[in-house]
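**Student:** model this:
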Amino acid sequence: QVQLVESGGGLVQAGGSLRLSCAASGRTSSRYAMGWFRQAPGKEREFAATISWSGGNTYYADSVKGRFTISRDNAKNTAYLQMNSLKPEDTAVYYCAASRGVLDVMKVSLYEYDYWGQGTQVTVSS
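**Tutor:** Model prediction:
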């Protein structure tokens, strides 16, 4: 089992930045791809970014590409999402997720993820 705890959310003005963190505990010796998803009120949870176990591969949704950066520090069992140039449409609850696997790959579908954090609210005011 792996437990994930997000932090770093908050209220920010449009154009501002936030850095989300996702701390993992438990069976962290296994290899996990990590992902960030978000869910706005009344909408389905959607993919934002993913990073492979080694950190060598990343992939972003078109809506965040060029503005968000996903990274990880395996020594600290922590993943990050740096969010710049935030827009009101980025307002959502952001979730991190971990996906077991042997291969060093990225995973886009939420159905491929085994563990989820409780979420952190990000609100961008106009």
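**Student:** where do the strands sit along the chain?
**Tutor:** 2-7, 10-13, 18-26, 32-39, 46-51, 58-60, 68-73, 78-83, 92-100, 115-116, 120-125 (DSSP state E).
**Student:** tell me which of these sits most buried.
**Tutor:** Highest mean neighbour count among the strands of the chain (mean count of other Cβ atoms under 10 Å): strand 32-39, with a mean of 25. Bear in mind the C-beta positions are built from the backbone N, C-alpha and C, glycine included.
**Student:** what does the average pLDDT come to for that strand?
**Tutor:** Strand 32-39 comes out with an average pLDDT of 96.
**Student:** paired strands for it, with orientation please.
**Tutor:** Strand 32-39 pairs in its sheet with strand 46-51 (antiparallel), strand 92-100 (antiparallel), by DSSP bridges.
**Student:** tell me the angle the longest one makes with strand 68-73.
**Tutor:** Here strand 92-100 runs at 40 degrees with respect to strand 68-73, directions being taken by axes from the mean of the first three to the mean of the last three Cα atoms, to 10 degrees.
**Student:** mind starting the numbering at 25 from now?
**Tutor:** With the count now opening at 25, the last piece we talked about shows up as strand 116-124.
**Student:** distance of Ala85 relative to Val132?
**Tutor:** 9 Å (Cβ to Cβ, to the nearest Å).
**Student:** I meant to write Leu35 there.
**Tutor:** Counting by Cβ to Cβ - Leu35 and Val132 are separated by 29 Å.
**Student:** fine by me, thanks again.
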